[in-house]
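*Asks:* Pasting a predicted model and its sequence here:
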Amino acid sequence: MKATVLTASTLALIAGAALAEPKAEVLHWWTSGGEAKSVAVLQQEFADKGGVWTDMPVAGGGGDAAMTALRARVLSGNAPTAVQLKGPAIQEWYEEGVLADISDVAEAQGWADVLPASIAGHMKCEGTWCAAPVNVHRVDWIWANAEVLAANDIEMPTTWEEFNAAAEKLQAAGIIPLAHGGQAWQDATVFEAVALGILGADGFKKAFVDLDEATLTSPEMVQVFDQMRTLRGYVDPNFPGRDWNLATAMVMNGEAAFQIMGDWAKGEFLAAGKTPGEDFLCASVPGDGFLYNVDSFAMFDVSGDDAKAGQELLAELIVGPSFQKVFNLNKGSIPVRTDVSLEEFDMCAKLSSEDMTASADNGSLLPSYAHGMALRGAQSGAITDVVTQHFNSDMSSEDAVQALAAAVANSL
Ligand code: BGC
């Protein structure tokens, strides 16, 4: 009799684990039109597999507000199940001892065989897999309203001189040359795109990966700040605080000609039914190189079979080929898996993929500092503070480079 009872309870336990209902509370900052459409793909796939998704969206481009919310949740001992997290922040949270190990899923799905090694490296913590990559966003893009450029007889600029000449012409015609939102992360996004063009790939790496003082204070870095000052003259007076997607909308409706922004901006154009090459144009910023920004999700160490089942299912779906294709068609990025066909992707995505391969081959594939891929939070924050301060004051470029070097030194 006793033996029967034991067997029954053991069976119940096993059945309980097997029947765990995958649940996930997911913290992310995908709240704009294009972003919401993209994350809905994951929510749908999760629900189709029996998952229960609790959404925790924290609005704020670039994710600063989301990261503040995350810190508060972890400190109060109530971490979300899955979190949009990227770059060295993944390893920073791992060092806090709060991340779950998702190596089982990664190994079962053979992630090592389908992800580029440089990207896989970002997903590893002391040899274990601690995050699931979603995509590759390129940061160094210029977007333009095709009709506005054509009407003003302007070609997509290929040098900063051409960009400035186009901007002067547009300004004279009463069009806002550059749609920009005055938020620190957007200033940083424009700054790093300008820096890549002016410093070149080697200079960019020395400045924003190696934090080399001589490069941070070099005459070329002075030129980068000079160009930022010039760009400041091309934005409209209402730029402070504006969200990035509203800046994209200004380009869409012809109020402004250009936006310098990562290809999540393309997600906005596409969500509004616009066609690349017809309604809007894309080109990499002047200069060589490719700044990558890989979105990924880390799973936090939470208890309960349902939560663990939710984390496994999410990790499996995120790197799965179907999600990689559909999500990235909406998001503006390209799949991180090397075996997903780009046949259905548009010309900007194809350009991104070609340039990424070429940059990987010639050593100019670089992590975005502005989107948390290159540096830890203290260092990237120190750089962005100076960039924003310069953009919003009359600080000289010479003073800016000195402030940059000092801020970086203080942050180490
Ligand atoms: C993220 C993108 C997001 C963008 C604007 C970037 O840091 O990588 O996924 O769309 O911020 O919020």
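*Replies:* Looks like it arrived, so ask away.
*Asks:* Quick one: residues contacting residue 83.
*Replies:* If a contact means Cβ atoms under 8 Å, 6 or more residues apart in numbering, then residue 83 has 26, 27, 28, 70, 297, 298, 299, 300 as its contacts. Every residue, glycine included, has its C-beta placed from N, CA and C.
*Asks:* how close does the first one sit to residue 307?
*Replies:* Distance of residue 26 to residue 307, given as Cβ to Cβ, to the nearest Å: 11 Å.
*Asks:* Mutual contacts of the two, please.
*Replies:* In contact with both residue 26 and residue 307: residue 81, using Cβ under 8 Å, 6+ apart.
*Asks:* Could you break this structure into its assigned domains?
*Replies:* Partitioning the chain according to automatic domain parsing yields domains covering residues 2-136+294-346, 138-292+349-411.
*Asks:* re earlier: just the closest of the contacts of residue 83 to residue 125, please.
*Replies:* Distance ranking of those against residue 125, using Cβ to Cβ, places residue 298 first at 9.1 Å.
*Asks:* Pairing-wise in the sheet, spell out the partners of the closest one.
*Replies:* Following DSSP bridges, residue 298 is listed with bridge partners residue 83.
*Asks:* That one and residue 99 touch, don't they?
*Replies:* Yes - counting by Cβ atoms under 8 Å, residue 99 is a contact partner of residue 298 at 5.5 Å.
*Asks:* what do these two both touch?
*Replies:* Here residue 298 and residue 99 have 90, 93, 130 as joint contacts, going by Cβ under 8 Å, 6+ apart.
*Asks:* Output the residues you listed as JSON lines; include the columns distance to residue 38.
*Replies:* JSON lines is the format used below for the shared contacts of residue 298 and residue 99 (distance: Cβ to Cβ, whole Å):
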{"residue": "90", "distance to residue 38": "21"}
{"residue": "93", "distance to residue 38": "23"}
{"residue": "130", "distance to residue 38": "23"}
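*Asks:* Which one of those sits in the busiest neighbourhood?
*Replies:* Neighbour tally across the shared contacts of residue 298 and residue 99 (other Cβ atoms under 10 Å): the maximum, 24 neighbours, falls on residue 130.
*Asks:* is stretch 124-138 up against the ligand anywhere?
*Replies:* Yes - Stretch 124-138 comes into contact with the ligand (Cβ under 6 Å from any ligand atom), by way of residue 137.
*Asks:* Okay, buried residues for that stretch please.
*Replies:* Buried residues in stretch 124-138, counted by 16 or more other Cβ atoms under 10 Å: 124, 125, 129, 130, 131, 132, 133, 134, 135, 136, 137, 138.
*Asks:* Determine which two of these are furthest apart.
*Replies:* 125 and 138 (25.5 Å).
*Asks:* Let's see the host helix or strand of residue 150 as PDB, backbone CA atoms only.
*Replies:* Assigned by DSSP states H and E, residue 150 belongs to helix 146-151. The C-alpha trace of helix 146-151 is given here as PDB (Å, rounded to 0.1, in the frame of the first residue of the first chain):
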ATOM      1  CA  ALA A 146      13.500  60.300 -51.000                       C
ATOM      2  CA  GLU A 147      11.100  62.900 -52.300                       C
ATOM      3  CA  VAL A 148      12.600  65.800 -50.300                       C
ATOM      4  CA  LEU A 149      16.100  64.900 -51.600                       C
ATOM      5  CA  ALA A 150      14.900  64.600 -55.200                       C
ATOM      6  CA  ALA A 151      12.900  67.900 -55.100                       C
END
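*Asks:* what does the stretch 151-300 of the chain put close to the ligand?
*Replies:* 264, 293, 295.
*Asks:* Can you select the buried ones from those in PyMOL?
*Replies:* Provided next is the PyMOL selection string for whichever of those are buried by 16+ other Cβ under 10 Å:
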select buried, resi 264+293+295
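*Asks:* So which of the residues of the stretch 151-300 of the chain next to the ligand belong to helices?
*Replies:* Per DSSP state H, helices hold the following members of those: residue 264.
*Asks:* can you put the residues of the stretch 151-300 of the chain next to the ligand in TSV and add pLDDT?
*Replies:* Shown next, in TSV, are those (pLDDT from 0 to 100):
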residue	pLDDT
264	98
293	98
295	98
